[in-house]
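Participant: Just to be clear, the model below is a prediction. Sequence and coordinates:
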Amino acid sequence: MNLHAMLTARAGQGKPVRVGLIGAGKFGSMVLAQARKIDGYHVVGVADLDPGKVRASLARTGWEAEEYAATSLSDAMDTGRTFVTDDAKALCDFDGIDCIIEATGHPLAGTRHALAAIEGMKHIVMVNVEADVMVGPILGRMARERGLVYSMAYGDQPAFICELVDWVRSCGFELTSAGKGMNFRPEYRYSTPDTVWGYFGWSEEFVAKGDFNPKMYNSFTDGTKAAIEMAAVANGTGLDCPDDGLAFYPSGLHDLAGVFKPASEGGRLPKAGLVDIAASMEPDGRRVMNNIQYGMFVTFRAPDNYARGCFEQYGLLTDDSGWYGSMWRPFHLIGLETSVSVLSAVLRGEPTGSSMTFRGDAVATAKRDLKAGEYLDGEGGFATWAKAIPAAQSVAVDALPMGLAHHVQLVRDVPRDQIVRMSDVRFTEDLDVVALRKRQVEEMAPR
């Protein structure tokens, strides 16, 4: 609770925390919006394949043109201004930067940027959950071996869930489950970029007026983003993904403790120790009362009668038995809060959640009957959705991680709802990332 005091003291010594940001999309723009309001926090450079996009983001979030007029990274370091570039590796190599924020959302590019940051001896805040769930455990290990922090992004849901899990364990309660809220119905699973706007109730005219990415929105709609984030939470906490993927149990705030406990205790979970989703809609489309669509939660059990009595005395939300309770955070502000991760990494040497083990996996699963010769089109596309399963199960079936399910060709048919295997596709590009993933499987997979 003293990050700001630590930052103030460091800034007073003339040593601001210096940051490099890769990616100027929505998340990156939110990072930039707050960065200029934090004394002692200096964004030395912002890299994006489209520098014009960076300048537009800076202008949109209130920056004056002079503030990002640095002519080089060295000039930015000397003047306190910010340098705009298309060279992400230059940020990772530059000695003056303490921490890299990877916010591209592209699993392959994100992996390479993380490797470059580690090579350049930079702490990493990995906004890119798509890359993290695919190779985060081995990237985290590589960073720690060099004395670096590899961190989830505070402000995003996985980091907050890890924080809640840490709270449960630090208090000595018995952790039962963890997850987040989400708008989901079973039929959404087969949504495509052509059908996604109907689930939002948006007309073509409305969509045409905005800057909407159909694949990005579809990734949330078809459950892929949930699978990616929950598998990442499993890797950061040691919890498990359900054997048959996330169940998306409809649940409101007051039902969390009753729903997200084992079925043997009257709940809906197959067992304790799982991640899953509190759906904000019933399968028939009715809204769940007091839903937590934008929130995160944990459920936990009192270790004894004394603690159970305290749950009641202090107004904790519990199930009917009083033994199981829930704690939740109602919102997340993504990039507006990510500076907490940067400061924690640089000032404390601690991550705000990190992939420690290869426990969960988000694997590509056919949305329809797929035919040999077809190309997969990645997250939020027409061909596959991501299923969150235990890593041991993923390795056993040779599953294709969702992060590698883009622009690869099928060499055999895959029926609808079947997991796509590594041997079902032909890799011709991105072989460096494929090799890193295989190394993670060989060295870190549960046996």
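Facilitator: Yep, it's here. Keep in mind that what you see is a predicted model, and the values were worked out from it rather than measured.
Participant: could you pull out the strands for the stretch 251-400 of the chain?
Facilitator: Per DSSP state E, counting those that start in this stretch, the stretch 251-400 of the chain carries strands over the ranges 274-279, 296-301, 317-318, 324-329, 360-366, 375-377, 384-390.
Participant: Okay, now the sheet partners of the second one, with direction.
Facilitator: Which is strand 296-301. According to DSSP bridges, strand 296-301 forms sheet pairs with strand 174-182 (antiparallel), strand 324-329 (antiparallel).
Participant: just to revisit the earlier point, Serialize the strands of the stretch 251-400 of the chain to JSON lines and add fields for mean pLDDT and distance to residue 225.
Facilitator: Quick note: C-beta positions are derived from backbone N, CA and C, even for glycine. Converted to JSON lines, those look like this (pLDDT from 0 to 100; distance: least, Cβ to Cβ, whole Å):
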{"stretch": "strand 274-279", "mean pLDDT": "98", "distance to residue 225": "11"}
{"stretch": "strand 296-301", "mean pLDDT": "98", "distance to residue 225": "14"}
{"stretch": "strand 317-318", "mean pLDDT": "96", "distance to residue 225": "26"}
{"stretch": "strand 324-329", "mean pLDDT": "97", "distance to residue 225": "18"}
{"stretch": "strand 360-366", "mean pLDDT": "98", "distance to residue 225": "9"}
{"stretch": "strand 375-377", "mean pLDDT": "96", "distance to residue 225": "16"}
{"stretch": "strand 384-390", "mean pLDDT": "98", "distance to residue 225": "8"}
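Participant: out of those strands, which comes closest to residue 131?
Facilitator: strand 360-366 (11.4 Å; Cβ to Cβ).
Participant: Now do residue 294 against residue 8, distance only.
Facilitator: Distance, residue 294 to residue 8, using Cβ to Cβ, to the nearest Å: 31 Å.
Participant: Please enumerate residues in contact with stretch 79-97?
Facilitator: Here stretch 79-97 makes contact (Cβ atoms under 8 Å, 6 or more residues apart in numbering) with 16, 18-22, 42-51, 54-55, 58, 63, 66-77, 100, 109, 113, 116-117, 119-120, 122.
Participant: buried stuff in it?
Facilitator: By neighbour count on 16 or more other Cβ atoms under 10 Å, the buried set for stretch 79-97 is 81-85, 88-94, 97.
Participant: from the middle of its chain, how far away would it be?
Facilitator: 24 Å (Cα atoms, centre = their mean, to the nearest Å).
Participant: for the stretch 101-250 of the chain, which spans come out with low pLDDT?
Facilitator: Applying pLDDT under 70 to the stretch 101-250 of the chain flags residues 210-211.
Participant: Name the nearest residue to residue 259, sequence neighbours excluded.
Facilitator: Leaving aside its sequence neighbours, residue 259 sits nearest to residue 251 (Cβ to Cβ, 6 or more residues apart in numbering; 4.4 Å).
Participant: Residue 119 too?
Facilitator: Excluding its sequence neighbours, the residue lying closest to residue 119 (Cβ to Cβ, 6+ apart) is residue 92, at 7.1 Å.
Participant: In which helix or strand does the one you found reside?
Facilitator: In this assignment (DSSP states H and E), residue 92 forms part of helix 88-93.
Participant: what pLDDT, on average, does that helix get?
Facilitator: For helix 88-93, mean pLDDT rounds to 97.
Participant: Of the buried residues of stretch 79-97, which is the nearest to residue 230?
Facilitator: residue 88 (28.2 Å).
Participant: circling back: for residue 440, which of the strands of the stretch 251-400 of the chain is the nearest?
Facilitator: strand 360-366 (10.1 Å).
Participant: report the angle between the axes of the closest one and strand 384-390?
Facilitator: Orientation of strand 360-366 against strand 384-390 (axes from the mean of the first three to the mean of the last three Cα atoms, to 10 degrees) gives an angle of 150 degrees.
Participant: Could you find the closest non-adjacent residue to residue 185?
Facilitator: Nearest residue to residue 185, sequence neighbours excluded (Cβ to Cβ, 6+ apart): residue 281, at 5.4 Å.
Participant: do residue 150 as well
Facilitator: Closest residue to residue 150 apart from its sequence neighbours, by Cβ to Cβ, 6+ apart: residue 143 at 3.8 Å.
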